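Novice: show me how the following folds:
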Amino acid sequence: MIDTDPDPRSTNHTLSSYGLTRFFNSARAAVGLKGEVDVLLADDSTLRRLNKNFRGKNKPTDVLSFPAAAEISQLHAGDLAISLETAACQAAVYGHTLRDEVKILLLHGLLHLSGLDHETDNGEMATREAKLRRQLRLSTALIERSVTAPQKPLSRLSPKTSSRSAIKSSSQPKSLLAASRKSTKLRRTT
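Specialist: Sure thing, here's the model as predicted:
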């Protein structure tokens, strides 16, 4: 079931609730996460606040992953937060759509929820992300492209969206989703 409550300030209508939910469920299964995952699609200021509060970094970022405690991970694997503003800039830099960038960030975040960490492993996450990128038919992976030069400099671009949305794969509200006042909600029913 999909419930839609679009943000009236949004000028972005390129993200399909159905398409993102379908990809999200496929990616979650491919990663092997058993528990439900809640995703918040927000703006840079929301991601900056979350990044500062949880990681001590006072800057926006593209995707944040919040794994659930091991005791409940079979029911709820964790939460993801994605900045649509940063995603729009990165999409322009790498020459693909916002939809494709959000999919890339969803996959990356799901891999973090599964316990992988490219900052501390010996390439395991990069290898897994590259394999799943091909399986899920994504043009690039976040880690792969970090070693290639972008088509356009990121700092010169300004985002064209500040919409807020939320993808939910469970029917219970979670802490990150409560941070979003107005959102588009997608639910995966089981």
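Novice: wait, what's in contact with Ala87?
Specialist: 62, 98, 101-102, 105 (C-beta atoms under 8 Å, 6 or more residues apart in numbering). For every residue, glycine as well, the C-beta is placed using N, CA and C.
Novice: which residues of the chain score low on pLDDT?
Specialist: 1-14, 143, 147-190 (pLDDT under 70).
Novice: could you pull out the helices for it?
Specialist: For the chain, the helices defined by DSSP state H occupy 17-31, 44-55, 84-94, 98-113, 124-135, 142-145, 175-178.
Novice: CA atoms of the fourth one as PDB?
Specialist: Extracted as PDB, the C-alpha positions of helix 98-113 are listed here (Å, rounded to 0.1, in the frame of the first residue of the first chain):
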ATOM      1  CA  LEU A  98      17.900  12.200  -9.500                       C
ATOM      2  CA  ARG A  99      16.000   8.900  -9.400                       C
ATOM      3  CA  ASP A 100      19.100   7.000 -10.300                       C
ATOM      4  CA  GLU A 101      21.200   8.900  -7.700                       C
ATOM      5  CA  VAL A 102      18.600   8.100  -5.000                       C
ATOM      6  CA  LYS A 103      18.800   4.400  -6.000                       C
ATOM      7  CA  ILE A 104      22.600   4.500  -5.800                       C
ATOM      8  CA  LEU A 105      22.400   6.100  -2.300                       C
ATOM      9  CA  LEU A 106      19.700   3.500  -1.200                       C
ATOM     10  CA  LEU A 107      22.000   0.600  -2.100                       C
ATOM     11  CA  HIS A 108      25.000   2.200  -0.400                       C
ATOM     12  CA  GLY A 109      23.000   2.800   2.800                       C
ATOM     13  CA  LEU A 110      21.500  -0.700   2.800                       C
ATOM     14  CA  LEU A 111      25.000  -2.100   2.600                       C
ATOM     15  CA  HIS A 112      26.000  -0.100   5.600                       C
ATOM     16  CA  LEU A 113      23.000  -1.400   7.500                       C
END
